[in-house]
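Participant: Based on what follows, work out the 3D shape:
(2 chains)
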Amino acid sequence: MSTLVMDSRQTELLRVLLVEDNALDAKFITGLLRLPTATLQCQHVTRLGEALRYLERNHPDVILLDLNLEDSAGYQTFYRIQQAASGAAILVLSGSDDEELAIKTVREGAQDYLVKGTFDGRLLLRSIRYAIERKRSEEALRQSEATVRAIFENSLEGIVIFAGDGTCLEANSAAGALVNLSRNDLIGCRLCDFCERGFEQVWVELSLAESGRGQFWAHLKDGSRRLVNYSFTANILPGQHLAMLRDITEQQDMEEQLRDSQKMEAVGRLAGGVAHDFNNILGIISGHAELLESSVSSPAERGRAEKIISATEKAASLTRQLLAFGRKQVMSLKLLDLATVLEGLSSMVDCLMGAEVQISIQATKHVGLVRADQSQMEQVIMNLTANAREAMPEGGTLTITIDRYESSTDQPELPPGEYARLSVSDTGAGMSEEVQSRIFEPFFTTKMTGSGLGLSTVYGIVKQSGGYITVRSAPQQGSTFSVYLPVVCGSDLTPAPAESRKQSHMPGHETILLVDNEEDLRNASCEYLESCGYQVLSAGDGKEAMEICNRHTGSISLLISDLVVPKLSGRGLVEHVRKTRPATNVLMISGYANDAVRKYGISLDPSCFLQKPFTFQALSEKIRGILDKDGN
Amino acid sequence: MVIEKQGIPGLNREIIANALLQAAWLNHLKSEHFDPDALWDRVHGDVTLLRELVDLFAAEVPGMLARIEKAIRHGSPSDLEKASHKIKGSMLQFSAHVAAGIALQLEENGRIGSTASTESLLQKLRQEISELQQTLYAMVRDRVRP
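Facilitator: You can find the predicted model right below:
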């Protein structure tokens, strides 16, 4: 083995391996390459084995190869070298002007085939340089093709190359999956086999426009259909068009769900806001009615006052429904057994259904306890039952079932988990898909007399309770509403007993600072509390309350304040009182739900909150609950 | 050869005269057996390289001929083919076309397994190479010096 380094004006040093067993020819070739324009580092070996060993550790740019060596001959020599040095350009230098062998080696990857005695140094050097450039171009092309092939095969988007008539010439696996076919089965199909009628015209227009984007429904052989986004480029090769395809069916479904959800959220916020203001007004009416009731002696006048109070309770019930839909209703969460809740309502369900409807109740015990508000769950059952009854004016069968359900698939409407399922089915008129899509919207009703709040209230309560609701229906095939509530523990725990209600007003003697910007309600509350024996300091805004707090020399046992008061927020007032009078207790009141306390950034025990509208009886109970716990 | 035109800058009469003498000298050595112009062009007029090649020719060719002779003596067509192929390549490099043609005949005989007239072909080849070697020596020794 010998090495020859040649001078050059060229900047790039070309590494050459000369495989030649004839010393005279080798000398000739290296001599010819001794040109001033050559920048070569030439390594000479005489045997194939020697060349292969050299190639294990070295990577020449070009190999000058004599095919007939002592240890190998003909095409086999070329093949072995090519296998060992796939990155190098190979130039065959032969003493045989063998056209057949020359074509074969060039076809298999040799860059050139030169016959000895027919070239001089310049021609050989030029052949070497061209060979290296061609090899590099081929390698770049090969790498580019490999990259494109990898992108093509691994793309999550379907990629298809179509002929001018829409026949699929090439496709990747993603494209096949899009129409439930293997890649091989898709090749040969026509695009229009999957498209809705009329797409042929679109295809023609796309071909003329050179490029375009759009959507089409792909109709699959199993009868289903997928919404497909496409990007089209005509004539990427003569008569061949490229289409990138993306299945957006699920994306569109999700977008629709999101739009529905946002719409419901907006309506819920509106409903919650209306209910808040309405609650304040109801508070004033019921407060004054209670004062009136206690101050009049005439039975007739007392009766009128009672009717006002009763009416405000009904109105409060309505606002509770609005708040439930807006998920702003105050919840009293307890561990509940749905079967027990249903059992308590069975007589009411009987009354509601009437004689024309047969009732079937299949309530499995021990399906697990759920964490929910009992009165809300009762409302869910009654609303669904009433809805079923109205769907069966001619009579039918109402089926209520409670069972345990395990969701194992990650479907957006019901994530995996253990659920207690309440299903209410009717054999009534059923609903179209369009009606089903709007059924939980507030004020949407298909009935002349409906308020449109029943199912939307159910929806709000279920969502507020961390559950899910589904509906399955078809025209003339009845409807089934299923409520899924997460099971929080087994049934071995005892559900919480219902709270007992005290009936009497509870007197007191402590000093209370009452803050509410609703003057009428504040005055009525003030009057009531004073009648109970409390000393009341009242303020219409936060600043006034703070001044009283600073000025008052005696103790203040309790601050009762609305969450939102002018000039100083409820939070600011609470912080001031806690700082200046740490012994003073706090009771927050609001037309919003108790989670608003947290939203306003106030750290407060949930028992120290009272939602408007409240009765004075409830207020007095709450006050005593707080003060007596404190040891007053 | 490059034919210069009158008035081209950088070419003086002496260079032109030497080139013409060189051409005449190579033409003197030219025969139907050997093309000195082609060889001279191939080595780009590098007389040092040519001398190295002629010296190596003298050192290597006897061994190549001996391999052919041995293959004929042992009746080995494949060895005859290989050895003849090798010397053919070298003869082509030196633009010795007649010698290369005789080597090709020997190579063909080896390839088809024929021993017919191989002895006489080898004899002819020896004669051609001997004459070529004398011409090559003359080419190196008697070349025109500018």
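Participant: Quick check: end-to-end length of stretch A:555-575?
Facilitator: Length of stretch A:555-575, first residue to last, C-alpha to C-alpha, to the nearest Å: 17 Å.
Participant: in it, what counts as buried?
Facilitator: By neighbour count, with 16 or more other C-beta atoms under 10 Å in any protein chain shown as the criterion, the buried positions of stretch A:555-575 are A:556-565, A:568-574. Glycine gets a C-beta too; all of them are placed from N, C-alpha and C.
Participant: One more: stretch B:59-71?
Facilitator: So for stretch B:59-71, counting by 16+ other C-beta under 10 Å, buried means B:Glu60, B:Val61, B:Met64, B:Leu65, B:Arg67, B:Ile68, B:Glu69, B:Ala71.
Participant: Stretch A:144-153 now?
Facilitator: Here stretch A:144-153 shows A:Phe152 as buried, counting by 16+ other C-beta under 10 Å.
Participant: Would you mind identifying the next helix or strand past the helix or strand hosting A:Leu352?
Facilitator: Per DSSP states H and E, A:Leu352 falls inside helix A:338-353. Where DSSP H and E defines the elements, the next helix or strand beyond helix A:338-353 is strand A:357-363.
Participant: That next one pairs with which strands, and in what direction?
Facilitator: strand A:396-407 (parallel) (DSSP bridges).
Participant: tell me the angle the strand it pairs with makes with helix A:338-353.
Facilitator: Counting by axes from the mean of the first three to the mean of the last three C-alpha atoms, to 10 degrees, strand A:396-407 lies at 160 degrees to helix A:338-353.
Participant: of the buried residues of stretch B:59-71, list those near chain A.
Facilitator: Counting by C-beta under 8 Å from any C-beta of the partner chain, B:Glu60, B:Val61 from those sit close to chain A.
Participant: picking up where we left off before, among the buried residues of stretch A:555-575, which ones are in helices?
Facilitator: If you go by DSSP state H, these have A:Gly570, A:Arg571, A:Gly572, A:Leu573, A:Val574 in helices.
Participant: check contacts around the most centrally placed residue in chain B.
Facilitator: For chain B, B:Phe94 is the residue whose C-alpha lies nearest the centre (C-alpha atoms, centre = their mean; 3.1 Å). Counting by C-beta atoms under 8 Å, 6 or more residues apart in numbering or on different chains, B:Phe94 touches A:Gly117, B:Phe34, B:Leu39, B:Leu53, B:Phe57, B:Leu132, B:Leu136.
Participant: Redo the residues you listed as CSV? Include pLDDT.
Facilitator: Output for these, formatted as CSV (pLDDT from 0 to 100):
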residue, pLDDT
A:Gly117, 83
B:Phe34, 88
B:Leu39, 88
B:Leu53, 89
B:Phe57, 88
B:Leu132, 92
B:Leu136, 89
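Participant: Can you redo those residues as JSON lines, where the extra columns are secondary structure?
Facilitator: Below are those laid out as JSON lines (DSSP: H, G, I helix; E, B strand; the rest coil):
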{"residue": "A:Gly117", "secondary structure": "coil"}
{"residue": "B:Phe34", "secondary structure": "coil"}
{"residue": "B:Leu39", "secondary structure": "helix"}
{"residue": "B:Leu53", "secondary structure": "helix"}
{"residue": "B:Phe57", "secondary structure": "helix"}
{"residue": "B:Leu132", "secondary structure": "helix"}
{"residue": "B:Leu136", "secondary structure": "helix"}
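Participant: Can you give me the end-to-end span of stretch A:347-363?
Facilitator: Where stretch A:347-363 begins and where it ends lie 15 Å apart, using C-alpha to C-alpha.
Participant: tell me the average confidence for that stretch?
Facilitator: For stretch A:347-363, mean pLDDT is 81.
Participant: Buried ones in it, by neighbour count?
Facilitator: Those would be A:Val349, A:Leu352, A:Met353, A:Val357, A:Ile361, A:Ala363, for stretch A:347-363 by 16+ other C-beta under 10 Å.
Participant: Tell me the one among the residues you listed nearest to A:Val106.
Facilitator: A:Ala363 (85.3 Å; C-beta to C-beta).
Participant: what bridges to the closest one?
Facilitator: Under the criterion used (DSSP bridges), A:Ala363 bridges to A:Ile402.
Participant: Specify which member of the buried residues of stretch B:59-71 is nearest to A:Leu610.
Facilitator: Among the buried residues of stretch B:59-71, B:Glu60 lies closest to A:Leu610 (C-beta to C-beta), at 115.6 Å.
Participant: Check what pLDDT the closest one gets.
Facilitator: pLDDT at B:Glu60 comes out at 90.
Participant: Under a three-state scheme, what state does it occupy?
Facilitator: Strictly by three-state DSSP, B:Glu60 counts as helix.
Participant: I'd assumed A:Ala26 was in contact with it.
Facilitator: No - counting by C-beta atoms under 8 Å, B:Glu60 does not reach A:Ala26; the two are 10.2 Å apart.
Participant: does A:Val202 sit in a helix or strand, and which one?
Facilitator: helix A:199-209.
Participant: what about that helix, average pLDDT?
Facilitator: pLDDT averaged over helix A:199-209 gives 83.
Participant: Stretch A:403-410 too?
Facilitator: 82.
Participant: And that stretch, what's buried?
Facilitator: Buried, per 16+ other C-beta under 10 Å, within stretch A:403-410: A:Ser407.
Participant: now stretch A:59-78
Facilitator: Quick answer for stretch A:59-78 (16+ other C-beta under 10 Å): A:60-69, A:72, A:74, A:77-78.
Participant: How about stretch A:302-311?
Facilitator: Within stretch A:302-311, the residues scored as buried using 16+ other C-beta under 10 Å are A:Ala305, A:Ile308, A:Ile309.
Participant: ok, now stretch B:95-113?
Facilitator: Counting neighbours by 16+ other C-beta under 10 Å, stretch B:95-113 gives B:95-107, B:109-110 as buried.
Participant: Which members of the residues you listed occur in helices, if any?
Facilitator: B:97-107, B:109-110.
Participant: Find the helix or strand that the nearest residue to B:Leu136 once chain neighbours are set aside is a member of.
Facilitator: Excluding its sequence neighbours, the residue lying closest to B:Leu136 (C-beta to C-beta, 6 or more residues apart in numbering or on different chains) is B:Val54, at 4.6 Å. Assigned by DSSP H and E, B:Val54 belongs to helix B:47-74.
Participant: List the contacts of B:Thr115.
Facilitator: Contacts of B:Thr115 (C-beta under 8 Å, 6+ apart): B:Ile72, B:Gly75, B:Pro77, B:Asn109.
Participant: Weed out the non-buried ones from the residues you listed.
Facilitator: Of these, these count as buried by 16+ other C-beta under 10 Å: B:Ile72, B:Pro77, B:Asn109.
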